[in-house]
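>>> Pasted the sequence and its predicted model underneath.
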Amino acid sequence: MPQYRLTTKMAAKLKITNLQKPPNKALPFYDDWVIDLDIFNRKEVAAKLKPYPKYKDSGIEWLGDVPEGWTIKKLKFVGDSIIGLTYSPDDVTDGSFGTLVLRSTNIQNDKISLHENVFVNKIIPPKLMTKCGDILICARNGSRSLVGKNAMMDATSSGLTFGAFTAVYRSYGVNNKYLYWVFNSSLFDCHSGSFLTTTINQLTTGNINSFETPLPSYQQQTTIANYLDTQTAKIDKLIENYQKLIELSKEKRTALITAVVTGKIDVRECV
């Protein structure tokens, strides 16, 4: 099982408790502890999460089997995909007035980020005004890897508009958060990737509309969305802690090097 060493000082900063002591003797200059990186033990997860009672062939090779009772529908039958607003440099304001235009740069870490904003002074068609629950998708970009990244609108990002290099998917009769998780799954990556080439980095509304999506009942969609909200938040927190740990480890490395090369620590008998 992969492990990472950290000092008690680091553990305190990260608010990590109940760590096992390492089996070997602590290092001379550090009070070491051991933390398992493999927090989500696969056997424990398997014991808690059970498969559905029965499955059926979805009829789609890349999707495989789905639980009985689930349906497969193309997105065009459960919502609308809309390409964003076209505007010229003359429409752009200094930000003191106008309508905020969401662009691909406003999609950061699967969330809407209201930074580096552009405002335009232009009449916006009603269907191009964002609504809570809309999913904003990067439809065109110079970087192939950014095409398809997306985020869901909340109350703070509704009532805005979105640029022509993005698209909005607006569903009806489907749990928006469930669809958001579908859009952030490997299913969407697999499907969208089939339309991207070395020369074309874009998703059209036709591409999005043709995406075949597994749909359980609305109640199950809500349960799945709530479960993923909770579990991914835990994983995101874990990632954040390890990122802090990496930074603290870099500081520890620099401090050690400095202490040794300036003679603050005698390591002649440690080699």
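Arrived safely.

>>> Give me the pLDDT for the nearest residue to Thr166 once chain neighbours are set aside.
Among residues not flanking Thr166 along the chain, Gly84 sits closest, at 4.8 Å (CB to CB, 6 or more residues apart in numbering). Where you see a C-beta, it was placed from the backbone N, CA and C, and this is true even at glycine. pLDDT for Gly84: 95.

>>> how many other residues sit next to Gly84?
22 (other CB atoms under 10 Å).

>>> Contacts only, for it.
If a contact means CB atoms under 8 Å, 6 or more residues apart in numbering, then Gly84 has 101-102, 128, 139, 161-168 as its contacts.

>>> Now with 10 Å, please.
101-103, 128, 130, 136-137, 139-140, 161-168 (CB atoms under 10 Å, 6 or more residues apart in numbering).

>>> Mind checking which of those land in helices?
With DSSP state H as the criterion, helices contain none of the contacts of Gly84.

>>> dump the residue contacts of the residue nearest to the spatial centre of the chain.
Taking CA atoms, centre = their mean, the centroid of the chain lies closest to Asp110, which sits 4.1 Å from it. By CB under 10 Å, 6+ apart, Asp110 lies in contact with 149-152, 180, 183-184, 232, 236.

>>> Which of those are buried, as a PyMOL select command?
Here is the PyMOL command that selects the buried residues among the contacts of Asp110 (16 or more other CB atoms under 10 Å):
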select buried, resi 149+150+151+152+180+183+184
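
>>> Output the contacts of Asp110 in a markdown table; the columns should cover pLDDT, secondary structure and distance to Cys190.
As requested, the contacts of Asp110 are exported to a markdown table (pLDDT from 0 to 100; DSSP: H, G, I helix; E, B strand; the rest coil; distance: CB to CB, whole Å):
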| residue | pLDDT | secondary structure | distance to Cys190 |
| --- | --- | --- | --- |
| Lys149 | 90 | coil | 15 |
| Asn150 | 93 | strand | 15 |
| Ala151 | 95 | strand | 20 |
| Met152 | 96 | strand | 20 |
| Tyr180 | 95 | helix | 17 |
| Phe183 | 91 | helix | 12 |
| Asn184 | 90 | coil | 13 |
| Thr232 | 91 | helix | 20 |
| Asp236 | 89 | helix | 23 |
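
>>> can you give me the helices in the stretch 51-200 of the chain?
Secondary structure of the stretch 51-200 of the chain (DSSP state H, counting those that start in this stretch): helices located at 176-183, 186-193.

>>> Nearest to Thr254, out of the ones you listed?
Nearest to Thr254, of all those, is helix 186-193, at 37.9 Å by CB to CB.

>>> And the following helix or strand past the closest one, what does it pack against?
Later in the chain than helix 186-193, the nearest helix or strand by DSSP states H and E is helix 205-209. Judged by 3 or more CB pairs under 10 Å, 6 or more residues apart in numbering; DSSP states H and E, the packing partners of helix 205-209 are strand 79-83, strand 166-171, helix 186-193.

>>> Now do the buried residues in helix 205-209.
Within helix 205-209, the residues scored as buried using 16+ other CB under 10 Å are 205, 207-208.

>>> residue ranges with poor pLDDT in this protein?
Within the chain, the ranges that satisfy pLDDT under 70 run 1-48, 192-200, 271.

>>> Go again with 50.
For the chain, the stretches with pLDDT under 50 are 1-6, 22-42.

>>> Run through the residues that contact Ile107.
Taking CB under 10 Å, 6+ apart, we find Ile107 in contact with 113, 136-138, 146, 149-151, 166.

>>> Out of those residues, flag the one nearest to Glu240.
Set against Glu240, the nearest of the contacts of Ile107 by CB to CB is Ser113 (16.5 Å).

>>> for that closest one, what are its contacts?
Contact partners of Ser113, counting by CB under 10 Å, 6+ apart, are 102, 105-107, 151, 157.

>>> Distance to Lys250 added to these, as JSON lines?
Below are the contacts of Ser113 laid out as JSON lines (distance: CB to CB, whole Å):
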{"residue": "Leu102", "distance to Lys250": "35"}
{"residue": "Thr105", "distance to Lys250": "28"}
{"residue": "Asn106", "distance to Lys250": "30"}
{"residue": "Ile107", "distance to Lys250": "29"}
{"residue": "Ala151", "distance to Lys250": "30"}
{"residue": "Ser157", "distance to Lys250": "35"}
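
>>> Which members of those define the maximum pairwise distance?
Greatest spatial distance among the contacts of Ser113 (CB to CB): Thr105 and Ser157, at 13.7 Å.
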